[in-house]
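Undergrad: Provided below for reference: sequence and predicted model.
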Amino acid sequence: MSAMNRERFQSSLSRSRKIAVLTGAGVSAESGIPTFRGAGGLWRRHDATRLATPEAWQRDPGLVWEFYHHRRERALGCRPNPAHHALARLEARWRDAGGAFTLITQNIDGLHEQAGSRSVVRLHGSLWQVRCLSCGAVTENRDVPITPAFAGSGSPDPDAHARRFTAAELPHCGCGGVQRPHVVWFGEALQASDLAAAADAIDGCDLLLVVGTSAVVYPAAGFVPMARRHGALIAEINVEPSAVTSLCDFVFTGGAGEILPSLLDVAPAHG
């Protein structure tokens, strides 16, 4: 990154009163969370993106839960990386100075919250919440395995023995209904409240940071054009060009964990 580009960005950052951040799978990947997208995005012999669908749930809810058991078990061993911590520190400084800060994430692993981020909009739900299909209750659940029947299951090995889980072995709500992961699957609509919170964060923001996302999945892909229409400056931090790179005022190429700690080490000019 050029020193001039960095200085211009940091000057703009310091003057910003309202900051929005959009993060994607690239941030979590630096902590060891599998992306399950693109080349190699397989779990066993399944295209992982086809398991995160209502159709897969209808066919075999036990298989879907086994896949999410693997994801939960894997996430337990991951920790926030320097990018997560840099964003949490930036939020704390801006809030202490009376500014506004919202982090909008496409990630479901909870690492932003673990790093200390407080104002988080989770567009795609949470790996650590479950939703009852009978009463609709959404509850926190960090049980690994999700039920005793899933202990030792979830191996991504293509030759792993697949078993059929019974309805009784699935997680159940206190009301007796079956629980599913509280995540937004492919083909499902995002929560209206989360979309509204994201739009509020972008409306009138001075600066939008786009970190570790390909920016091809809607509605998140529309946030950058929305921010531009509102007059915000846009900075992208990514390992490679994305669908929105041409719309950005600042582009920093590389891993977020390497770039963000020093790039965001700026004091607000207000407060």
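TA: Received the coordinates, thanks.

Undergrad: what residues go with each domain of the protein?
TA: 1-32+80-124+188-271, 34-77+125-183 (automatic domain parsing).

Undergrad: which one of these is the most hemmed in?
TA: domain 1-32+80-124+188-271 (a mean of 19; mean count of other Cβ atoms under 10 Å). (C-beta placed from N, C-alpha, C; glycine too.)

Undergrad: thought residue 135 was touching residue 173?
TA: Yes. Contact criterion Cβ atoms under 8 Å: residue 135 and residue 173 qualify, at 6.3 Å.

Undergrad: now name the helix or strand holding the spatially most central residue of the chain.
TA: Among the residues of the chain, residue 107 comes closest to the average C-alpha position under Cα atoms, centre = their mean, at 1.4 Å. Per DSSP states H and E, residue 107 falls between elements, in no helix or strand.

Undergrad: list the contacts for it?
TA: 23-25, 27-28, 33, 122, 124 (Cβ atoms under 8 Å, 6 or more residues apart in numbering).

Undergrad: quick check: pLDDT value at it.
TA: Residue 107 carries a pLDDT score of 96 in this model.

Undergrad: and the gap between it and residue 266?
TA: 24 Å (Cβ to Cβ, to the nearest Å).

Undergrad: repeat that for residue 22.
TA: On the measure of Cβ to Cβ, residue 22 and residue 266 end up 19 Å apart.

Undergrad: for residue 217, same thing?
TA: The value you get for residue 217 to residue 266, if Cβ to Cβ is used, is 30 Å.

Undergrad: so residue 125 sits against residue 185, correct?
TA: No. If you go by Cβ under 8 Å, residue 125 and residue 185 don't touch, sitting 9.0 Å apart.

Undergrad: could you look up the SS state of residue 209?
TA: Assigned by DSSP: H, G, I helix; E, B strand; the rest coil, the conformation of residue 209 is strand.

Undergrad: what about the strands in the stretch 1-150 of the chain?
TA: 18-23, 42-43, 46-47, 100-105, 120-122, 125-132, 138-140 (DSSP state E, counting those that start in this stretch).

Undergrad: looking at these, which is closest to residue 201?
TA: Closest approach to residue 201 among the strands of the stretch 1-150 of the chain (Cβ to Cβ): strand 100-105, 3.5 Å.

Undergrad: ok, that closest one: who's next to it in the sheet?
TA: strand 18-23 (parallel), strand 120-122 (parallel) (DSSP bridges).

Undergrad: would you turn those strands into a markdown table with mean pLDDT and distance to residue 194?
TA: As requested, the strands paired with strand 100-105 are exported to a markdown table (pLDDT from 0 to 100; distance: least, Cβ to Cβ, whole Å):
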| stretch | mean pLDDT | distance to residue 194 |
| --- | --- | --- |
| strand 18-23 | 98 | 13 |
| strand 120-122 | 98 | 6 |
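
Undergrad: tell me which of those sits nearest to residue 69.
TA: So among the strands paired with strand 100-105, strand 120-122 is nearest, using Cβ to Cβ, at 20.1 Å.

Undergrad: the closest one: how far from the chain's middle?
TA: 8 Å (Cα atoms, centre = their mean, to the nearest Å).

Undergrad: can you name the residues in contact with it?
TA: Counting by Cβ under 8 Å, 6+ apart, 102-105, 107-108, 112-113, 194, 197-198, 201 sit against strand 120-122.
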